[in-house]
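> missing the sequence, but the structure's below:
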């Protein structure tokens, strides 16, 4: 049974289902709408037009359709919409027609290929979006090979049970690092994912620098900008190390704070996004987080429990007090009870005890 749903400016015909699984072939996941919101906003916010874009795992085509309908007309030069599943291709055609997007549009190239085959037989892309079910590993090599200079690779991983430490051996096999299941496991898992992508890129003298990274719901997501050059790759590799017995992982910045501020500003200005409370709150927190140069964050509940402190203060009050002491502090999107700050742990414990 099919239904028509609205997401952004797109209308999508989807099959009604109670459970999303890898076996479905063609599916639409409403939980990932914020994922697609961020993708649109990021592309709109970068100072680059006439982009060659690849959506190699398109499924229903919702991401590509949103790009075509929501981005400025001069933003896209060519939009490759691909899926190896013939049912998905039929769905993509239906959804393009539903959205009154002309199939003869020279911008749009629809392919029914294996995703890796599509990439290898291309001349390259300025933006490649990998949003698989599970690990992105099977597509990293060819995506990076075909990523242009200054291009952006967007990578999603949904196998968070491996990255966050429930299955450490799986993480070691897939991501070449040891996770740790603790209060900051979502950040360490994200940093492990980033390092893996960077290591694959290093083979081709490509330095992939995170510009927007986050963990939400059941997935992790990172946008990385490609900079070419052996010396830049060497600088990336210097920032791989361990944290609290987890790793190796990326210990550099997770965000380009100027880009994040622009994305947030564009979201506030947009009639499409400015009433989306979840998205605006999410972007606001990351905007504040991106200004703080720290690895890891403090879980206030965890600290209080370990130090037998009764939690009497509100999180905002704690953040305000930290700032008055001259340190940087903000909420973190990783955890509701978390605070990102430059304050030493010992001083934070003393503050919480007062």
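Received the coordinates, thanks. Treat the numbers as computed from the prediction; the structure is a model and nothing was measured. Residues are numbered from 1 along each chain as shown.

> can you give me the helices in the stretch 151-300 of the chain?
Along the stretch 151-300 of the chain, counting by DSSP state H, counting those that start in this stretch, helices occupy 160-163, 168-175, 185-202, 230-238, 257-269, 277-289, 300-306.

> for those, which one sits closest to residue 101?
For residue 101, the closest of the helices of the stretch 151-300 of the chain is helix 257-269, at 23.1 Å, according to C-beta to C-beta. From N, CA and C alone the C-beta is placed, and that goes for glycine too.

> Pick the most deeply packed of the helices of the stretch 151-300 of the chain.
Most buried of the helices of the stretch 151-300 of the chain, by mean neighbour count (mean count of other C-beta atoms under 10 Å): helix 185-202, with a mean of 25.

> and that one, what's its mean pLDDT?
Helix 185-202 shows an average pLDDT of 99 in the prediction.

> what's the offset of that helix from the middle of its chain?
12 Å (C-alpha atoms, centre = their mean, to the nearest Å).

> Tell me what angle that helix forms with helix 168-175.
30 degrees (axes from the mean of the first three to the mean of the last three C-alpha atoms, to 10 degrees).

> backbone phi and psi for residue 52, please?
Per-residue torsions, residue 52: phi -90, psi 110 (degrees, to the nearest 10).

> so what's it up against?
Going by C-beta atoms under 8 Å, 6 or more residues apart in numbering, residue 52 touches 77, 78, 80, 124, 125, 126, 127, 148.

> which of the residues you listed are buried?
78, 80, 125, 126, 127, 148 (16 or more other C-beta atoms under 10 Å).

> I'd like to know which of these is nearest to residue 353.
Nearest to residue 353 among those: residue 127, at 49.0 Å, using C-beta to C-beta.

> how distant is the host helix or strand of the closest one from the center of its chain?
Assigning secondary structure by DSSP states H and E places residue 127 in strand 125-130. Put simply, strand 125-130 sits 13 Å off its chain's centre (C-alpha atoms, centre = their mean).

> Now do that strand, average pLDDT.
Strand 125-130 comes out at a mean pLDDT of 99.

> hmm, who's touching it?
39, 43, 48, 51-57, 63, 80, 119, 136, 139-140, 143, 146-148, 150-156.

> Give me the next element, helix or strand, following it.
helix 137-145.

> in that following helix, what's buried?
Buried-residue list, helix 137-145, by 16+ other C-beta under 10 Å: 137, 139, 140, 141, 142, 143, 144, 145.

> Report the rounded mean pLDDT for it.
The average of the pLDDT scores along helix 137-145 is 98.

> Show me what it is packed up against.
helix 115-120, strand 125-130, strand 147-157, helix 185-202 (3 or more C-beta pairs under 8 Å, 6 or more residues apart in numbering; DSSP states H and E).

> Any chance of a markdown table for the ones you listed, columns distance to residue 309?
Listed next are those as a markdown table, based on distance: least, C-beta to C-beta, whole Å:
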| stretch | distance to residue 309 |
| --- | --- |
| helix 115-120 | 50 |
| strand 125-130 | 43 |
| strand 147-157 | 35 |
| helix 185-202 | 22 |
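
> These: which one's closest to residue 236?
helix 185-202 (5.4 Å).

> could you point out where the stretch 151-300 of the chain is predicted with low confidence?
Residue ranges of the stretch 151-300 of the chain with pLDDT under 70: none are present.

> Next, format the contacts of residue 52 as CSV and append distance to residue 263.
Output for the contacts of residue 52, formatted as CSV (distance: C-beta to C-beta, whole Å):
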residue, distance to residue 263
77, 22
78, 24
80, 24
124, 25
125, 21
126, 18
127, 15
148, 21
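
> which pair in these spans the largest distance?
Farthest apart among the contacts of residue 52 by C-beta to C-beta are 80 and 148. That separation is 13.5 Å.

> who does the residue positioned nearest the centre of the chain bridge with?
Centroid check for the chain by C-alpha atoms, centre = their mean gives residue 221 as the closest residue, at 2.3 Å. Residue 221 has these beta-bridge partners by DSSP bridges: residue 156, residue 214.

> Tell me which residues touch it, please.
Residue 221 makes contacts with 35, 38, 154, 155, 156, 157, 213, 214, 215, as judged by C-beta under 8 Å, 6+ apart.

> Also residue 274?
Taking C-beta under 8 Å, 6+ apart as the contact definition, residue 274 lies against 267, 268, 280.

> Would you mind confirming that the last one makes contact with residue 269?
No - using C-beta atoms under 8 Å, residue 280 is not in contact with residue 269, being 11.4 Å away.

> ok, residue 116 touching residue 137?
No - Residue 116 is beyond contact range of residue 137, at 11.6 Å (criterion: C-beta under 8 Å).

> Make JSON lines out of the contacts of residue 274 and add distance to residue 194.
Converted to JSON lines, the contacts of residue 274 look like this (distance: C-beta to C-beta, whole Å):
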{"residue": "267", "distance to residue 194": "24"}
{"residue": "268", "distance to residue 194": "28"}
{"residue": "280", "distance to residue 194": "25"}
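
> Closest to residue 199 out of those?
Out of the contacts of residue 274, the member with the shortest distance to residue 199 (by C-beta to C-beta) is residue 267, at 32.6 Å.
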